[in-house]
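Asks: Build the 3D model from these lines:
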Amino acid sequence: MHEHQNALAELGWGDDFQAALAPHAADGHQPARVGTQSHGLYRLLSPAGEHRAELAGRLHHASGTVDQPAVGDWVAADLRDDGTATIHAVLPRRTKFSRKEAAAVTREQVVAANVDTVFIVQALGHDLNPRRLERYLTMAWESGARPVVVLTKADLHPGQDLGEVEAATFGVDLHVTSAVTGDGVPELTQYLGRGQTVALLGSSGVGKSTLVNSIAGQELLATAAVRESDERGRHTTTHRELVPLPAGGLLLDTPGMRELQLWDSTNGLEQAFGEVADLIAACRFSDCEHRTEPGCAIRAALDDGTLPHERWDAYTRLQRELRALEIRSDARLTSEARKERRRFARAQRKAAW
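Replies: Sure, this is the predicted structure:
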């Protein structure tokens, strides 16, 4: 029993999950963690080994919603001796990294669950984009996990100016690394203690899978060579995957994201732009619009250069995006409620008839 609990702890198990499992354990279900998910099929990790799993009927009805398992989730499942399993419930999440689904759909998509630290990975050179970093940081803070910025390919761009990046990563650990030389990689192991989960998020070609292999000290994930023409590694990760490391800790690798639209990230925005939030709080008027009002701390900081205009523009742009999302979400909920009332009225008429 003690060995079983130790094995669970290595996968990130804790007392909060144990308490949530209790009613499911009474039905004979066991805990397991989602290692991969693809087309309705799951690979589960547990002290009993790996299992190929499908969803029980109730979870099938939640298709396309946040109620279905995501990579990193703890679930209650029937684990069978033949290596198959059925998932009956998703245990409450400690943290979740969510984004708005791509295109015009106004719906939450959980990218990673129960993550302790998020490595926001960008490559020095062409990929380095402070505005994209701010977007990732906003969502990482909102997730409840600790964000850490990791810059890769330092061997290709030694001595690159990081002034704008440092301004955009206010209050966040920043590491400059090279998988080729090994520089900066050992410092990343401090986030990977026993049972700790780190998710790697970033664009295609920034070297996330290569970074996983460098941290692990062995080839755990497939990688592709860097193109000589543009210094970009080819995209090789096609699905999210939770990888236990031989020395402890777990890494969650993700495919590169072409779109990263915010989802319910108001608190994350305030944390990602902490110095902006402090200035807003210092304005003379609580309803200051930061235009011509007297005593506006934002205008004063912009005028004397202590707050870069690019930083303020990024904050207001993300703030407008969140407001637009809120309006669309309210409209969707209103529409769904209206449809539900119509369905109920039709059922009542049919019953009366």
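Asks: in the chain, which spans are helices?
Replies: 2-10, 15-25, 57-60, 130-143, 163-168, 208-216, 266-272, 274-281, 297-304, 309-352 (DSSP state H).
Asks: could you dump those to a markdown table with mean pLDDT and distance to H51?
Replies: Every C-beta, even on glycine, is put in place using the N, C-alpha and C of the backbone. Output for those, formatted as a markdown table (pLDDT from 0 to 100; distance: least, Cβ to Cβ, whole Å):
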| stretch | mean pLDDT | distance to H51 |
| --- | --- | --- |
| helix 2-10 | 86 | 14 |
| helix 15-25 | 93 | 16 |
| helix 57-60 | 75 | 16 |
| helix 130-143 | 86 | 27 |
| helix 163-168 | 87 | 42 |
| helix 208-216 | 85 | 23 |
| helix 266-272 | 74 | 34 |
| helix 274-281 | 89 | 43 |
| helix 297-304 | 93 | 54 |
| helix 309-352 | 68 | 35 |
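Asks: Save the ones you listed as JSON lines, and put in mean neighbour count too.
Replies: As requested, the helices of the chain are arranged in JSON lines below (neighbours: other Cβ atoms under 10 Å):
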{"stretch": "helix 2-10", "mean neighbour count": "13"}
{"stretch": "helix 15-25", "mean neighbour count": "14"}
{"stretch": "helix 57-60", "mean neighbour count": "12"}
{"stretch": "helix 130-143", "mean neighbour count": "23"}
{"stretch": "helix 163-168", "mean neighbour count": "16"}
{"stretch": "helix 208-216", "mean neighbour count": "23"}
{"stretch": "helix 266-272", "mean neighbour count": "19"}
{"stretch": "helix 274-281", "mean neighbour count": "15"}
{"stretch": "helix 297-304", "mean neighbour count": "16"}
{"stretch": "helix 309-352", "mean neighbour count": "12"}
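Asks: Out of those helices, which gets nearest to H175?
Replies: helix 208-216 (10.3 Å; Cβ to Cβ).
Asks: same for that closest one, what does it pack against?
Replies: Applying 3 or more Cβ pairs under 8 Å, 6 or more residues apart in numbering; DSSP states H and E, one finds that helix 208-216 makes contact with strand 117-123, strand 146-152, strand 197-202, strand 250-253.
Asks: among these, which is the most enclosed?
Replies: strand 197-202 (a mean of 26; mean count of other Cβ atoms under 10 Å).
Asks: Beta-bridge partners for the closest residue to T36 other than its chain neighbours, please?
Replies: Ranked by Cβ to Cβ, 6 or more residues apart in numbering and with sequence neighbours excluded, the top spatial neighbour of T36 is R43, at 4.4 Å. Under the criterion DSSP bridges, R43 forms beta bridges with T36, R52.
Asks: which residues touch R43?
Replies: 34-37, 50-53 (Cβ atoms under 8 Å, 6 or more residues apart in numbering).
Asks: what would the helices of the chain look like in TSV with distance to V176?
Replies: Output for the helices of the chain, formatted as TSV (distance: least, Cβ to Cβ, whole Å):
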stretch	distance to V176
helix 2-10	30
helix 15-25	35
helix 57-60	43
helix 130-143	14
helix 163-168	10
helix 208-216	12
helix 266-272	20
helix 274-281	22
helix 297-304	28
helix 309-352	21
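Asks: closest one to H88 among these?
Replies: Among the helices of the chain, helix 15-25 comes nearest to H88, with 6.6 Å by Cβ to Cβ.
Asks: Test my guess that Y315 contacts G274.
Replies: No: at 10.8 Å, Y315 does not count as touching G274 under the criterion of Cβ atoms under 8 Å.
Asks: Can you pull the residues that touch both of these two?
Replies: Shared contacts of Y315 and G274 (Cβ under 8 Å, 6+ apart): none.
Asks: what about G35, distance to S204?
Replies: Here G35 is placed at a distance of 22 Å from S204 (Cβ to Cβ, to the nearest Å).
Asks: Point to the residue nearest the middle of the protein.
Replies: Note on the chain: the residue nearest the mean C-alpha position is F97, at 3.1 Å, using Cα atoms, centre = their mean.
Asks: Report the beta-bridge partners for that residue.
Replies: The partner residues for F97, given DSSP bridges, come to A112.
Asks: Adjust the sequence numbering to begin at 51 for everything that follows.
Replies: With 51 as the first residue, the last one maps to F147.
Asks: What pLDDT does the model give it?
Replies: At F147, the pLDDT value in this model is 86.
Asks: where's it relative to L187, distance?
Replies: Distance of F147 to L187, computed by Cβ to Cβ: 12 Å.
Asks: And for D177?
Replies: Separation of D177 from L187 (Cβ to Cβ): 16 Å.
Asks: just E320 next, same as before
Replies: From E320 over to L187 the distance is 11 Å, taken as Cβ to Cβ.
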